[in-house]
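Student: Fold the following.
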Amino acid sequence: MEKRLWTREEEIIVFNLYCKIPFQRSSKSHPDVIKTAKIIGRSPSAVNMKIGNLGSFDETLKKQGIVGLGNASKLDEQIWNEFNGKWDELAFESERLIAERQGVSIDSELIEDLNIPSGKVKEVTIKQRVNQSFFRKAVLTSYGYACCITGLNTVSLLIASHIKPWNVSSDIEKTNPCNGLCLNSLHDRAFDKGFLTVTPDNIIHISHNITDIYNGAVVDRFFTIYDGKQIALPEKFTPKREFLQYHNDVVFESWM
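Tutor: The predicted structure is shown next:
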């Protein structure tokens, strides 16, 4: 029986999964691997191997001593080089292909309840929502669904927080998981308001100006205790120094 070659579309869909699944937890029995295998008509083992192939190009994994498979194809390398760092393009194109394979419209679940006019406004809104969903999943997965400051792992309380704020980021930066931290909702709010920052060396820095009415006891319990400590680093998508530097220079204590 002739071996069926992988297509460009199949590779893009698996790259989407690669961004949304912990690399070291990927297996042929993982539910997301099984789901993707059904979508593209491949075996879970084949999808899991393809994730391993893509991992062989990931420098972040290599720095941790994590090695992908050694039998990557030219198409694997081509797709990696085409979309690595272009997360806005990968997010929308891969989600479009997934929706197409499932016989649904990419906007059917995203905006069916919103009164958005057709045309360019609708197109932009759909893309933003698709990319925001991709960003959240990629960031939370990379941090193991745990706050990088406190370790809290209650998913409903976790936020994929933009380091360089969303409203001043380019389209590429808005979707880039390297512009994200997994934070619980309290520390996300404090980070957003400039009461705390993370230095380019991944060290937590708490503003001395954050106060409370209980002589600092509450602040000590929830904030000061973490001052000077390193965040828990993600498996993939290590925060970029340039985004952390922006937050240090522009956002931290900007309310003063």
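Student: wait, doesn't residue 161 sit right on residue 183?
Tutor: Yes: using C-beta atoms under 8 Å, residue 161 is in contact with residue 183, at 4.6 Å. Heads up, the C-betas are built off the backbone N, CA and C, glycines and all.
Student: Flag the shaky bits of this protein, pLDDT-wise.
Tutor: Residue ranges of the chain with pLDDT under 70: 1-2, 107-124, 213-214, 255-256.
Student: what residues go with each domain of it?
Tutor: Domains of the chain are assigned by automatic domain parsing as 8-130, 146-251.
Student: now the ones you listed as TSV including mean neighbour count?
Tutor: Shown next, in TSV, are those (neighbours: other C-beta atoms under 10 Å):
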stretch	mean neighbour count
domain 8-130	17
domain 146-251	18
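Student: export the ones you listed to a markdown table and tack on distance to residue 138?
Tutor: Listed next are these as a markdown table, based on distance: least, C-beta to C-beta, whole Å:
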| stretch | distance to residue 138 |
| --- | --- |
| domain 8-130 | 5 |
| domain 146-251 | 4 |
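Student: Those: which one's closest to residue 137?
Tutor: Nearest of the domains of the chain to residue 137, taken as C-beta to C-beta: domain 8-130 at 4.6 Å.
Student: Can you list the helices and strands that whichever helix in the chain runs longest packs against?
Tutor: When the chain is parsed with DSSP state H, its longest helix is helix 120-142. Packing contacts for helix 120-142, counted by 3 or more C-beta pairs under 8 Å, 6 or more residues apart in numbering; DSSP states H and E, involve helix 8-20, helix 87-101, strand 158-162, helix 171-175, strand 180-184.
Student: Quick one: these as CSV, columns for distance to residue 204 too.
Tutor: Listed next are the helices and strands packed on helix 120-142 as CSV, based on distance: least, C-beta to C-beta, whole Å:
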stretch, distance to residue 204
helix 8-20, 26
helix 87-101, 25
strand 158-162, 13
helix 171-175, 22
strand 180-184, 10
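Student: Looking at the ones you listed, which is nearest to residue 151?
Tutor: strand 180-184 (9.3 Å).
Student: mind listing what that closest one pairs with, with the direction of each?
Tutor: Here strand 180-184 is paired, per DSSP bridges, with strand 158-162 (antiparallel).
Student: ok and the partner strand relative to helix 120-142, angle-wise?
Tutor: Here the directions of strand 158-162 and helix 120-142 differ by 120 degrees (axes from the mean of the first three to the mean of the last three C-alpha atoms, to 10 degrees).
Student: quick one: contacts for residue 75?
Tutor: Contact partners of residue 75, counting by C-beta atoms under 8 Å, 6 or more residues apart in numbering, are 6, 8, 11.
Student: could those residues be laid out in a markdown table, adding distance to residue 41?
Tutor: As requested, the contacts of residue 75 are arranged in a markdown table below (distance: C-beta to C-beta, whole Å):
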| residue | distance to residue 41 |
| --- | --- |
| 6 | 11 |
| 8 | 15 |
| 11 | 14 |
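Student: and stretch 99-109, how far from the chain's centre?
Tutor: Computed by C-alpha atoms, centre = their mean, to the nearest Å, the chain-centroid distance of stretch 99-109 equals 22 Å.
Student: Hmm, I typed the wrong one, I wanted stretch 235-246.
Tutor: The chain centre lies 12 Å from the centre of stretch 235-246; the measure is C-alpha atoms, centre = their mean.
Student: same deal with stretch 91-104?
Tutor: 18 Å.
Student: wait, what's in contact with residue 183?
Tutor: Neighbouring residues of residue 183 by C-beta under 8 Å, 6+ apart: 147, 148, 149, 158, 159, 161, 191.
Student: What is the nearest of these to residue 234?
Tutor: For those, the residue nearest residue 234 by C-beta to C-beta is residue 148; the value is 7.4 Å.
Student: Cross-check the contact I'm expecting between that closest one and residue 181.
Tutor: Yes: using C-beta under 8 Å, residue 148 is in contact with residue 181, at 5.5 Å.
Student: how close does the residue nearest to residue 203 when sequence neighbours are not counted get to residue 165?
Tutor: Residue nearest to residue 203 in three dimensions, not counting chain neighbours: residue 230, with 5.7 Å by C-beta to C-beta, 6 or more residues apart in numbering. Per C-beta to C-beta, to the nearest Å, residue 230 is found 23 Å from residue 165.
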